[in-house]
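Trainee: Structure, please.
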Amino acid sequence: MRKTRSKSVLFLMELTIVILLFSISAAICMMIFAQAKQMSINSRDLTGAIMHLQSAAEIYKATGGDRNETSRLLGGEVVGGDISVKYSENWSPAAAEPTYELKMTKAADGSALFAVIRAGSAESVYELSVRIPGGEQR
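Mentor: Numbering: from 1, shown residues only. Sure, this is the predicted structure:
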């Protein structure tokens, strides 16, 4: 009878260790998947920000630095001399409760326009400086 009991105890200890190892492995996998999802979201945000800022810079250059025309073409507004365009989570123009905001601000010396996309009130997602060579900015 003792041999049967000791085999049962050994089997239960082995089973407990295997379950513990599988639990630890599952926790590590879940952590890796969560980090991968966050990296995917950050990458999507950065790609959208780069695309919209480059588009805004090209429009700004094409209009010769005219902020009113640039704002009209981007679907934004001019507020205090700055161009402001608001976007929803999927990067479509949004008027109410935007997720992202593109802000184009003229440099103090008037030589360049600085464009920034921010996620809410957080840090900037992407920044870009725009200069029009030989062009007068309005």
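
Trainee: From the contact counts, what lies against the helix or strand containing residue 33?
Mentor: Following DSSP states H and E, one finds residue 33 within helix 2-62. Helices and strands touching helix 2-62, by 3 or more Cβ pairs under 8 Å, 6 or more residues apart in numbering; DSSP states H and E, are helix 67-74, strand 82-87, strand 100-106, strand 113-119, strand 124-130. For glycine as for every other residue, the C-beta is placed from the backbone atoms N, C-alpha and C.

Trainee: Touching stretch 95-106 from outside, list them.
Mentor: With contacts defined as Cβ atoms under 8 Å, 6 or more residues apart in numbering, stretch 95-106 is touched by 45, 48-49, 52-53, 56, 60, 67, 70, 74, 76, 81-89, 91, 112-120, 125, 130, 137.

Trainee: again, only using 7 Å
Mentor: 52-53, 56, 60, 81-89, 113-120, 125, 137 (Cβ atoms under 7 Å, 6 or more residues apart in numbering).

Trainee: What of stretch 38-50?
Mentor: Outside stretch 38-50, the residues touching it (Cβ under 7 Å, 6+ apart) are 91, 117, 119, 125-126.

Trainee: where's the dip in pLDDT among the residues you listed?
Mentor: Within the contacts of stretch 38-50, pLDDT reaches its minimum at residue 119, with 73.

Trainee: so it bridges to which residues?
Mentor: residue 100 (DSSP bridges).

Trainee: try residue 114
Mentor: With DSSP bridges as the rule, residue 114 is bridged to residue 105, residue 129.

Trainee: Next, count neighbours for it.
Mentor: Using other Cβ atoms under 10 Å, residue 114 is surrounded by 14 other residues.

Trainee: By mean pLDDT, which helix or strand of this protein comes out lowest?
Mentor: Here the helix or strand of the chain ranked lowest by mean pLDDT, DSSP states H and E is strand 113-119, holding a mean of 76.

Trainee: In terms of secondary structure, what does that strand contact?
Mentor: helix 2-62, strand 100-106, strand 124-130 (3 or more Cβ pairs under 7 Å, 6 or more residues apart in numbering; DSSP states H and E).

Trainee: Ranking by neighbours, what's the top pick from the contacts of stretch 38-50?
Mentor: Of these, with other Cβ under 10 Å as the count, residue 117 tops at 24 neighbours.
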